[in-house]
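[1] need a structure here:
(3 chains)
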Amino acid sequence: MCQSVCQIFVQSHLQCKLEFIVLNNMHVNSSMSSCRSSRRRKKRMRATDGSKWSFLEHKGPVMAAPYEPLPSNVRFFYDGKQMKLSPEAEEVATFFAKMLDHEYTTKDTFRKNFFKDWRKEMTSEEKSKITDLKKCNFNEMGEYFKVQSEARKAMTKDDKLKIKVENERLLQEYGFCIMDNHKERIANFRIEPPGLFRGRGDHPKMGMLKRRIRPEDIIINCSKGSKQPKPPTGTKWKEVRHDNKVTWLVSWTENIQGAIKYIMLNPSSRIKGEKDWQKYETARNLKKCVERLRNQYREDWKSKEMRIRQRAVALYFIDKLALRAGNEKEEGESADTVGCCSLRVEHINLYPEKDGQDFVVEFDFLGKDSIRYYNKVPVEKRVFKNLQLFMENKQPEDDLFDRLNTSILNKHLQELMDGLTAKVFRTYNASITLQQQLKELTSRKSSTKILSYNRANRAVAILCNHQRAQPKTFEKSMQNLQTKIDAKKDQLSDAKRDVKSAKADLKVRRDERFKKAVETKKKAVERLEEQLMKLEVQATDREENKQIALGTSKLNYLDPRISVAWCKKWGIPIEKIYNKTQREKFAWAIDMAEDDYEF
DNA sequence: TTGAGCACTTAGTAACGCCGCG
DNA sequence: CGCGGCGTTACTAAGTGCTCAA
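    Okay, the predicted model is just below:
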């Protein structure tokens, strides 16, 4: 690495976290009441011209491993007859073979897309012979990969260590870059290997071939004065550019959607941390004016103009239910999912009265990642009447908000508050909910503190509809836990009996030895009670959590300073809340928040 | 006004690897 | 020492939102 840089970046890494700057164009509130440490330090202005860095040096990406042809004893059969495939066709076939026991390979769309793309890689002879996927037998190939992965698991400690060391070497060499005097961790320094595209939900492109990325597809971004990454011998990068208005180091265009993929920095980096901080400051700004905005949209429900009413009702949903904005999507390019602005008539049902509540709206649609959103909510009468109006004379597949899209909505929001967009409401409502719930749920009883935190976290996850598949092992592991609890209960009652008999002994003979015995037995009971309590807390927590993912909100929606302050206030070590990675990502917050921090 | 392109955040899942237990 | 369970990490898809040009 560049020498001059090395000299500079020996400065402590912490320094970089403390250099958090209020950007000129950021419009954040600068009255950071509980950010003592940041106030104490001199703030240096960061560039206002939109540049993100002035020096950037890195080693470029790690390319995907080249294809290794199968040993000749692993055969492919077509229509019952063995057939040797060309390396190109064979590679694509292995992608399919590796997924053989996955449900994907039974899906029609998947098979159709795969077969179409596979044929493109075949020689003309192969193409003329292989015309029906059903006649293809990949079993030996699939078996081979299973054996391989078994072998990998059964490797000796030594061999495993070798791999570990090699990975570590790769990480050290390619996993870091230098940006403005600091050595920073890169998030994803490997080029995505080729394979079969697996979309989420009912994706029209599932099974398509994700092609191998060559150096000629790759754009490198670094600073002019830096040592440029070298392409593999005999190859060239597509381009080397020096654009400091962006944060990425490497990019390429992916062939399925034609989207650009990037290599960027780790969340622990200055550039990501600052952005994260900025995000929460914007959400805090919303807190200051949210009542005004709410009054505004309630007024707008009465507007003469349809577009205003639609805008106001959509905003109400975004605010109340933390729905996503809902950009338009090109039909047939991806799974049919929606957000607020793209809701269709078929996604809601109106009930003037349901389950004893008036004006109930029932939502049922697929959101991001095709996760189902199902919710029944009572709404204000005006909202209900508006929805009826919006749905008049429409087909189920028509847009609910036909006079609205995210760009119109966001333009409006921008006028109401600087930096305000639809997604800020999700951040705001998530964070304020955590803060409120922590206040409500945290009691003085010490052993349930973490449970309280998780419950508050869970309230947010439910609000944001962050779901996960119930772990396959859930039922079993729950049973195991119950067994443990039962065993602990038995132990406890035994221990209690012991205490009693020890006391009885003591009564008979007042002896120092017996007195001691009673004490130790009592201690044992206490210890067991504590252990039992712990197990029961764990069981409750796990049960309540089975289909809810806490990680997403923790990582992306909850102002970490709320959690840091909570830990300080209750004397909980931060490690109980954030693991190592999370502590690195939130280092800025851990450093700045005091116990009295208010979101 | 629309649409494409681009940059960046948010998301669930699969694979990994560590730790306690028998 | 192997094994199972579980937290962590890697991976990459799928969103949001901005800009620019026709």
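[2] Sort out which residues of the one helix or strand A:Val377 maps to are buried, please.
    Assigned by DSSP states H and E, A:Val377 falls within strand A:372-378. Buried residues in strand A:372-378, defined by neighbour count with 16 or more other Cβ atoms under 10 Å: A:373, A:378. For the C-beta atoms, the positions are set from N, CA and C on the backbone; glycine is no exception.
[3] Which elements pack onto it?
    Judged by 3 or more Cβ pairs under 8 Å, 6 or more residues apart in numbering; DSSP states H and E, strand A:372-378 is in contact with helix A:306-321, strand A:357-366.
[4] Show residues contacting that strand.
    Contacts to strand A:372-378, defined as Cβ atoms under 8 Å, 6 or more residues apart in numbering, come from residues A:320-321, A:323, A:354-355, A:357-367, A:465, A:467.
[5] can you list the residues of the stretch 151-300 of chain A near DNA strand B?
    Applying Cβ under 7 Å from any atom of the strand, one finds that the stretch 151-300 of chain A approaches DNA strand B through A:160, A:164, A:167, A:200, A:243, A:245-248, A:251, A:253, A:258-260, A:262, A:264, A:272, A:275-276, A:279.
[6] Next SSE downstream of the strand holding A:Val377?
    helix A:381-391.
[7] What's the first helix or strand after that following helix?
    For helix A:381-391, the succeeding helix or strand toward the C-terminus, using DSSP H and E, is helix A:406-416.
[8] That following helix: what's the following helix or strand?
    Counting by DSSP H and E, the next helix or strand C-terminal to helix A:406-416 is helix A:422-441.
[9] Can you show me the CA trace of that next one as CSV?
    Output of helix A:422-441 as CSV, limited to C-alpha atoms (Å, rounded to 0.1, in the frame of the first residue of the first chain):
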residue,chain,number,x,y,z
ALA,A,422,-41.7,8.2,3.0
LYS,A,423,-39.1,5.9,4.4
VAL,A,424,-38.3,8.4,7.2
PHE,A,425,-41.6,7.5,8.8
ARG,A,426,-40.6,3.9,9.2
THR,A,427,-37.4,4.9,10.9
TYR,A,428,-39.2,7.5,13.1
ASN,A,429,-42.0,5.2,14.1
ALA,A,430,-39.7,2.3,14.8
SER,A,431,-37.3,4.3,17.0
ILE,A,432,-40.0,6.1,18.9
THR,A,433,-41.8,2.8,19.5
LEU,A,434,-38.6,1.3,20.9
GLN,A,435,-38.1,4.3,23.2
GLN,A,436,-41.7,4.2,24.5
GLN,A,437,-41.8,0.4,24.9
LEU,A,438,-38.5,0.4,26.8
LYS,A,439,-40.0,3.0,29.2
GLU,A,440,-43.1,1.0,29.6
LEU,A,441,-41.7,-2.5,29.9
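[10] can you list contacts of the strand or helix carrying A:Ser128?
    Secondary-structure assignment from DSSP H and E places A:Ser128 in helix A:124-129. With contact meaning Cβ under 8 Å, 6+ apart, helix A:124-129 is reached by A:78, A:83, A:85-86, A:89, A:119.
[11] do that again at 7 Å, thanks
    A:78, A:85-86, A:89, A:119 (Cβ atoms under 7 Å, 6 or more residues apart in numbering).
[12] just to revisit the earlier point, show me the residues of the stretch 151-300 of chain A next to DNA strand B that map onto strands.
    Cross-referencing these against strands under DSSP state E gives A:251, A:253, A:260, A:262.
[13] Any chance of a PyMOL selection covering the buried ones in the contacts of helix A:124-129?
    To isolate the buried members of the contacts of helix A:124-129 in PyMOL, using 16+ other Cβ under 10 Å:
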select buried, chain A and resi 78+85+89
